[in-house]
Structure formats: structure tokens, C-alpha cells
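Student: have a look at this prediction, sequence included:
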Amino acid sequence: MSLVGFRARNHPQQAVKDSVDDRRTPLSLWAPLHAKHAFTVDAAASDANALLPRYWTRETDALAQSWAGERVWCNPPYSRLDSWLAKAWDEMRGGCGLIVMLLPANRCEQGWWQRYVEPQRDRVLDETIMLDTHFIAGRLRMAPPEYPTPAKGDRPPFGCVLLTWTGND
């Protein structure tokens, strides 16, 4: 079998739709991260799933906002990861002090990972920016916003990874 012409793409369950993109980050994961990093804004939230008093929604569009001076938590829509990774790098170069992003860990072969993560991960860049990767054991339960506690078996068909960009803030 040849992989010539193969194009990696999202699984059908990960297509653009609110039922996939609008998921609540488990507090058991987020709370210790917030205690450690003191986030100032939730960059990819909705009114129903925001984790911080300050947050950007689809309507306020975090990709159009300046992240300079912020300490950003971001669980982006998994259907549009390329644009979120590009934004994170641009903002880190532009003065954002910290970005922590929760991503699917099953797409390391895709273009966004190969462009924005793999060449730079787990090392200091330009003596100012560090990108750290942390693969999370097991599968997280990320419930739709209308359910406070995810149902048993409501886990994504993939593991997750935390990307943490730190800079001079």
C-alpha cells in the first residue's frame, strides 16, 4: 500500500459542528493549571462553558483579538486547529506572556502539528519562548455545556496534549 497522495484530515466526529467544538474542559484538569499559571482570559469559550470571568466567544473572535499581556487558557475548536496554532505563535512573538492550549493528541501527522509544534517542541526558541508538550494519560471527559457532569462513556476517541508556551512576561 502506498501513502502517496494521502491527505490527513479530521475524523468525521471532529468535523465543524457545535456538538464537537463546544465542549467543557474538565475542572479536574483546568483548576490545577489555573492555580499554577493564573490565567487572565479563556480564549475559546462560550457563555455556557467559560472557565474565567474574561473570555472570548465565537462572536468576539479570539483570533481577531490581541493577546499581548495576557495569560491565555485555550481549548480551541478541534475542527480549526491550524488557525489557532498560527495565532498562538504570532501572539507569543508579539508579547503574550503565556498560552496553555489543550489539543487532540492523535493528529501529530497533520500539517498544523508538523508546522507549529514538532519543530519547536520542548525547547527554548530565540532565547525567549519555550514550547512544552505534555501528553495527558487516558482520555478526558469533556461534556457538552448543557451537562454539568459528563455521562459515562462520553470520552473523545483520542487522548489529549497540553501545549504550553512561556515567554518573558
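Tutor: Everything's here; your move.
Student: hmm, who's touching the lengthiest helix in the chain?
Tutor: For the chain, the longest helix by residue count, based on DSSP state H, is helix 81-93. Counting contacts by C-beta atoms under 8 Å, 6 or more residues apart in numbering, the residues outside helix 81-93 that touch it are 44, 62-63, 66-68, 72, 74, 76-77, 99, 101, 103-104, 107, 110-112, 115-117, 129, 163, 165, 167. For the C-beta atoms, the positions are set from N, CA and C on the backbone; glycine is no exception.
Student: can you give me the helices in the chain?
Tutor: Secondary structure of the chain (DSSP H): helices located at 18-21, 27-37, 81-93, 111-116.
Student: in the longest one, which residues are buried?
Tutor: By neighbour count, with 16 or more other C-beta atoms under 10 Å as the criterion, the buried positions of helix 81-93 are L81, W84, L85, K87, A88, W89, E91, M92.
Student: tabulate the helices of the chain in JSON lines, adding columns for distance to H134.
Tutor: Formatted as JSON lines, the helices of the chain follow (distance: least, C-beta to C-beta, whole Å):
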{"stretch": "helix 18-21", "distance to H134": "22"}
{"stretch": "helix 27-37", "distance to H134": "10"}
{"stretch": "helix 81-93", "distance to H134": "15"}
{"stretch": "helix 111-116", "distance to H134": "15"}
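Student: next, the contact list for the closest residue to L98 other than its chain neighbours, please.
Tutor: Closest residue in space to L98, ignoring its immediate chain neighbours: R71 at 4.4 Å, by C-beta to C-beta, 6 or more residues apart in numbering. Neighbour list for R71: H37, A38, F39, T40, V41, G97, L98, D169 [criterion: C-beta under 8 Å, 6+ apart].
Student: neighbours of the closest residue to G167 other than its chain neighbours, how many?
Tutor: Leaving aside its sequence neighbours, G167 sits nearest to I129 (C-beta to C-beta, 6+ apart; 4.9 Å). Counted with other C-beta atoms under 10 Å, the neighbours of I129 add up to 18.
Student: ok, what's across the strand from I129?
Tutor: On the basis of DSSP bridges, I129 is bridged to L125.
Student: use 812 as the first number from now on
Tutor: Okay, residue one is now 812; in that scheme the one you just asked about reads as I940.
Student: so L909 sits right up against D943, yeah?
Tutor: No - applying C-beta atoms under 8 Å as the test, L909 and D943 come out as separate, 11.0 Å apart.
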